[in-house]
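Visitor: what would the 3D arrangement of this be:
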Amino acid sequence: MAGKPKQADVEEEDDKPEGENGQSAAKSKFGFLKFKLPSLSMKSMIIGGAGLLMLAGGGGGAYFFFKGSDHKEAHVAAKPATFVDLPDVLVNLSNTGADRTQYLKVKIVLELPDASLVPQIQPLMPRVMDAFQTYLRELRPTDLDGSAGLYRLKEELTRRVNAAVAPNRITAVLFKEIVVQ
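Guide: This next block holds a predicted model:
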């Protein structure tokens, strides 16, 4: 009976399921199967497949991103902005105890959203210039320091112009030149 396996040996072999390549996987003490890690060549195939999948997905995404849609979309042409030059403004800045007077010279351009607003705003230019003069004379030289100071100045002048030309509105106040001496 050398060729015939014992009953205990047969039961042990039945309890161990066979994995790939005829290798048997051992059971853990909780009854779950322990699997052996794939070989190095199997790992490299998985990593290569994942990389190929990412490359194909990225290429497809780039194709659709750069190609755009197939339908012919109507491109809305943006209206060109209209610019209105204002006369130069020269004011002395508020003197806060300094021994010499400082001056501010500003060249300003108003940006309008539509050219049809120019005839409506032109009669209101004296009101706009008055708003500029009264506001700029109250500024101190430190109010104009840095880009943040100029940004605040631009926003405040835009607000004052919109108040002066209401119900019309301008898009922005643009500076052509600013000189503080």
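Visitor: verify the stated contact: P87 with F132.
Guide: No: checked against Cβ atoms under 8 Å, the pair P87 and F132 is beyond contact range at 9.7 Å. C-beta coordinates here come from the backbone N, C-alpha and C atoms, glycine included.
Visitor: okay, the two: which has more neighbours?
Guide: The residue with more neighbours, out of P87 and F132, is F132; 21 against 10, by other Cβ atoms under 10 Å.
Visitor: contacts only, for V106.
Guide: By Cβ atoms under 8 Å, 6 or more residues apart in numbering, the contact set of V106 is 88-90, 132, 136, 175, 177-179.
Visitor: how far away is it from V165?
Guide: Distance of V106 to V165, computed by Cβ to Cβ, to the nearest Å: 18 Å.
Visitor: quick revisit: what about the contacts of V106, which are in helices?
Guide: Among the contacts of V106, DSSP state H puts 132, 136 in helices.
Visitor: right, and the helix or strand after whichever strand or helix holds A50?
Guide: Take DSSP states H and E as the rule and A50 turns out to sit in helix 40-67. Going down the chain from helix 40-67, the next helix or strand is strand 82-85, by DSSP H and E.
Visitor: where does pLDDT dip in the protein?
Guide: Applying pLDDT under 70 to the chain flags the ranges 1-40, 68-76, 96, 98.
Visitor: can you give me the strands in it?
Guide: Residue ranges of the strands in the chain, as given by DSSP state E, are 82-85, 89-92, 103-112, 172-180.
Visitor: rewinding a little: just flag the most distant two among the contacts of V106.
Guide: Within the contacts of V106, two members stand farthest from each other by Cβ to Cβ: F132 and V179, at 15.3 Å.
Visitor: tell me which residue is most central in this structure.
Guide: Per Cα atoms, centre = their mean, the C-alpha nearest to the average position across the chain is that of F65, at 17.6 Å.
Visitor: distance-wise, check Y63 relative to L124.
Guide: From Y63 across to L124, the span is 54 Å (Cβ to Cβ).
Visitor: show me which of those two is the more surrounded one.
Guide: Using other Cβ under 10 Å as the criterion, Y63 and L124 rank with L124 on top: 14 against 9.
Visitor: excluding sequence neighbours, find me the nearest residue to that one.
Guide: In space, and not counting its chain neighbours, L124 is closest to V165: 5.1 Å by Cβ to Cβ, 6 or more residues apart in numbering.
Visitor: for that neighbour, grab the count of nearby residues.
Guide: With other Cβ under 10 Å as criterion, V165 counts 21.
Visitor: residues contacting it?
Guide: Contacts of V165 (Cβ under 8 Å, 6+ apart): 120-121, 124, 127-128.
Visitor: G97 too?
Guide: Contacts of G97 by Cβ under 8 Å, 6+ apart: none found.
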